[in-house]
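Peer 1: Sharing a sequence plus its predicted fold:
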Amino acid sequence: MFKFRFGAVASFKAVRHSVMLSSKPEIPLPPIQVLLIEEVHTVAKKLLIRTLLASALFLPVATWACDAAGPSTHIGTVQSVDASSKTFTIIDAQTRMPIKFVASNEIIEGLKDAKGSVMVNYEEMESTDGLKAVGVTF
């Protein structure tokens, strides 16, 4: 339904070449208006299809980042580095959740200057439920 400035309401019926006004009989549209309406619908459909295809192609790259990196690997951005407790936290690219790692002094010192994405190779610690970073690439 389309509402015009002067308050009349129009709706397109199954017949493409006419418009039904709320209180008046069908008024046939001139051929040029029919072509313009059809062209607008075609352009809108093409734009929608292209947008959906682009999002389907590019969104999975970030979503599958950690799965594609392999086992015992997380990819994300550094959120915080705590040198006193020898831990750092990243925001995981796949889950968008924080993940905390215990690391050596060497890794902690290197992460202080890290910018952008990092890939953390880790092993699960047996004594606690934590993760120990064994290598970080950035």
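Peer 2: That came through fine.
Peer 1: hey, where'd the strands end up in the protein?
Peer 2: For the chain, applying DSSP state E gives strands covering 2-3, 9-12, 18-21, 27-28, 73-82, 87-92, 98-102, 117-124, 131-137.
Peer 1: Quickly compare the ones you listed and say which is most buried.
Peer 2: Per-stretch averages of neighbours, counted by mean count of other C-beta atoms under 10 Å, single out strand 87-92 among the strands of the chain, with a mean of 19. C-beta: built from backbone N, CA, C; applies to glycine.
Peer 1: contacts for that one?
Peer 2: Contacts of strand 87-92 with the rest of the structure, by C-beta atoms under 8 Å, 6 or more residues apart in numbering, involve 66, 74-82, 97-103, 107-108, 111, 118, 120, 133.
Peer 1: what about 6 Å?
Peer 2: With C-beta atoms under 6 Å, 6 or more residues apart in numbering as the test, strand 87-92 has contacts from 74, 76-81, 98-102, 111.
Peer 1: Can you list the low-confidence ranges for the protein?
Peer 2: Confidence mapping of the chain against pLDDT under 70 gives the ranges 1-27, 29, 34-35, 56-66.
Peer 1: rewinding a little: kindly reformat the strands of the chain as CSV containing distance to Lys46.
Peer 2: What follows is the strands of the chain, written out as CSV (distance: least, C-beta to C-beta, whole Å):
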stretch, distance to Lys46
strand 2-3, 22
strand 9-12, 20
strand 18-21, 24
strand 27-28, 28
strand 73-82, 35
strand 87-92, 36
strand 98-102, 41
strand 117-124, 34
strand 131-137, 42
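Peer 1: so which of those strands gets nearest Lys45?
Peer 2: Lys45 sits nearest to strand 9-12 of all these, at 15.5 Å, using C-beta to C-beta.
Peer 1: Domains in this protein, by residue range?
Peer 2: 31-63, 65-137 (automatic domain parsing).
Peer 1: Who are the contact partners of the closest residue in space to His74 that isn't next to it in sequence?
Peer 2: Spatially, and ignoring its direct neighbours in sequence, His74 is nearest to Val120 (4.9 Å; C-beta to C-beta, 6 or more residues apart in numbering). Applying C-beta under 6 Å, 6+ apart, we find Val120 in contact with 74, 133, 136.
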